[in-house]
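Asks: Sequence isn't available, so here's the structure alone:
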């Protein structure tokens, strides 16, 4: 194990620590969780992320109608939307509760963990659409003796493979926690079981980070050879290596000059890992450090900055506990949990406090602008698409329930990472011309435009757009005897059109039947026939509405068939959409539907001695969501508190010691299931 790559003697590294404020900046409270005062929107926010749509999403560990936390959306202008209220296991048996944070998947859906709840009340993984559709993806402690883990306390991270990775603080073969991988479909794999070893420490208390080398990195505020924390590497195959032990570089004036007790996740910038410690350093009040990925796991650590080096000036922050964020101005930003504040750190190591929390007063409350707890990792600051910095405090505000803040450093918009693709990339028309469409795939918030590069091609709609969309165009008839080739530039991609000349035999006169198709609310599969005399004529088929899926025949040459399917209509209104097939429009109409449920049996009778029973749930459509709840205290739902499609609900009742029968009910998908228990004889 190597020691520090750079000596930590005073003067070995030039660190400029400044107590005055940085460049012009404006701090404001974007949302206060003390309003409404009853906490129904949540209390104690613990996470904030930037969605692909540019809005902010986060979780609150407490509050909501059941006191078990919430998930929310917040625009950068401050419009708050409650998208989910978590329910405690007393009111909603089996429901996840106390969320730890969110991450957005490549499918645009939000994923997260809860510390409690789930089928076994040992925590869960959930998925949540940005519109508020919630489902439990996995309940921990499903395997015997909780070998799959229990009680996760940190958010998931999105891996480079599109799967999610996280940790549990309990369970596993040693009951010390696990590191796991879970797919978006809910398949969980344990990749490392935490040993009962002081040298490893509590590595599951802080989110892990995946480096550009595909390995995972993390920290522990305890453990290591000195007991003051460590940095570790974990391969995707589960090989664990402690790559640095803190408090190994000491001198008489500055014990633990390399730092101690890290409590913030790592980040990577320019091939280097960056992190903070809340203790140690030249000022004994915390450090910022870096570690080059190249050469790990050899274990070289480079000091970057020390808090309160030379004594703490008034208002100077100490003990950083949040992950750093690397801003678009190439500066680092973070928060401190003692003398709470926001700081800026330049690439050269100049440290500047840019806001001191608890400086705005309101009567007896002296932390209206926010305050930060000290005994757990604080939520990281994020940079929005508008270039401004956003964050949460888990305390402070009007009622002490936390706030969301905005910090305007004068940085310009940054926007999402935009990649584009088009489908198809080319097409052939007969001399008669015609019309068709090109599908554009792009992340939400990414803008694009389309232009014709030749006069015989006209864009009829979709000359610009944001996110995924379509470009519709028409091709004029070719009066020349020779073929002509033209292009469109769509989202910086080239789309090529080849049009036959008049000397070409046959011509591409397509007949597409039927032009209109009606389906019942149950949906189903249908096909459309494409006919043309010239067998060399090419065509494409594109669905213009998400409820229509083309299952075969998305392109062809000559005649053919286009098969498509439509799922059951879970809406109470009719649906209408179109497909563009060989330049012709085919309309699909579906009757109004809605979810209905059948229960079997329709009621339950149990003996006075008590027991358990099962209810079969059968919806009319496979994608109908349902929940099972009861307000009767003698009935306990032991499994199947929620589901999609067909499923079962299991419930139990204790022995009835009274001579009179008791009756209660379970509500499943809006249907009432009556439970009657006989009285004791």
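Replies: Yes, it's here. As the structure is a computational prediction, the values presented were derived from the model and not from experiment.
Asks: all strands for the stretch 151-300 of the chain, in order.
Replies: Secondary structure of the stretch 151-300 of the chain (DSSP state E, counting those that start in this stretch): strands at 157-158, 164-168, 178-182, 188-193, 209-210, 216-220, 230-234, 240-245, 267-269, 272-277, 287-292.
Asks: For residue 61, which of the ones you listed is the nearest?
Replies: Closest approach to residue 61 among the strands of the stretch 151-300 of the chain is made by strand 164-168 (16.5 Å; Cβ to Cβ). Any C-beta I mention is one placed from the backbone N, CA and C, and that applies to glycine too.
Asks: sorry, back to before: adding mean pLDDT and distance to residue 151, write the strands of the stretch 151-300 of the chain out as JSON lines.
Replies: Output for the strands of the stretch 151-300 of the chain, formatted as JSON lines (pLDDT from 0 to 100; distance: least, Cβ to Cβ, whole Å):
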{"stretch": "strand 157-158", "mean pLDDT": "96", "distance to residue 151": "18"}
{"stretch": "strand 164-168", "mean pLDDT": "96", "distance to residue 151": "6"}
{"stretch": "strand 178-182", "mean pLDDT": "96", "distance to residue 151": "11"}
{"stretch": "strand 188-193", "mean pLDDT": "95", "distance to residue 151": "15"}
{"stretch": "strand 209-210", "mean pLDDT": "95", "distance to residue 151": "21"}
{"stretch": "strand 216-220", "mean pLDDT": "94", "distance to residue 151": "17"}
{"stretch": "strand 230-234", "mean pLDDT": "93", "distance to residue 151": "20"}
{"stretch": "strand 240-245", "mean pLDDT": "91", "distance to residue 151": "20"}
{"stretch": "strand 267-269", "mean pLDDT": "94", "distance to residue 151": "26"}
{"stretch": "strand 272-277", "mean pLDDT": "94", "distance to residue 151": "24"}
{"stretch": "strand 287-292", "mean pLDDT": "92", "distance to residue 151": "29"}
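Asks: Take those and write them to a markdown table, including mean neighbour count and distance to residue 594.
Replies: Formatted as a markdown table, these follow (neighbours: other Cβ atoms under 10 Å; distance: least, Cβ to Cβ, whole Å):
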| stretch | mean neighbour count | distance to residue 594 |
| --- | --- | --- |
| strand 157-158 | 18 | 35 |
| strand 164-168 | 25 | 33 |
| strand 178-182 | 22 | 32 |
| strand 188-193 | 18 | 34 |
| strand 209-210 | 18 | 43 |
| strand 216-220 | 25 | 45 |
| strand 230-234 | 23 | 48 |
| strand 240-245 | 20 | 52 |
| strand 267-269 | 17 | 47 |
| strand 272-277 | 25 | 52 |
| strand 287-292 | 23 | 56 |
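Asks: right, and these - which one's nearest residue 612?
Replies: Checking these against residue 612 by Cβ to Cβ gives strand 188-193 as the closest, at 26.7 Å.
Asks: That closest one: how far from the chain's middle?
Replies: Here strand 188-193 is found 21 Å from its chain centre; the criterion is Cα atoms, centre = their mean, to the nearest Å.
Asks: Give me the contacts around it.
Replies: With contacts defined as Cβ atoms under 8 Å, 6 or more residues apart in numbering, strand 188-193 is touched by 125, 138, 147-149, 165, 172-174, 176-182, 234, 236-238, 240.
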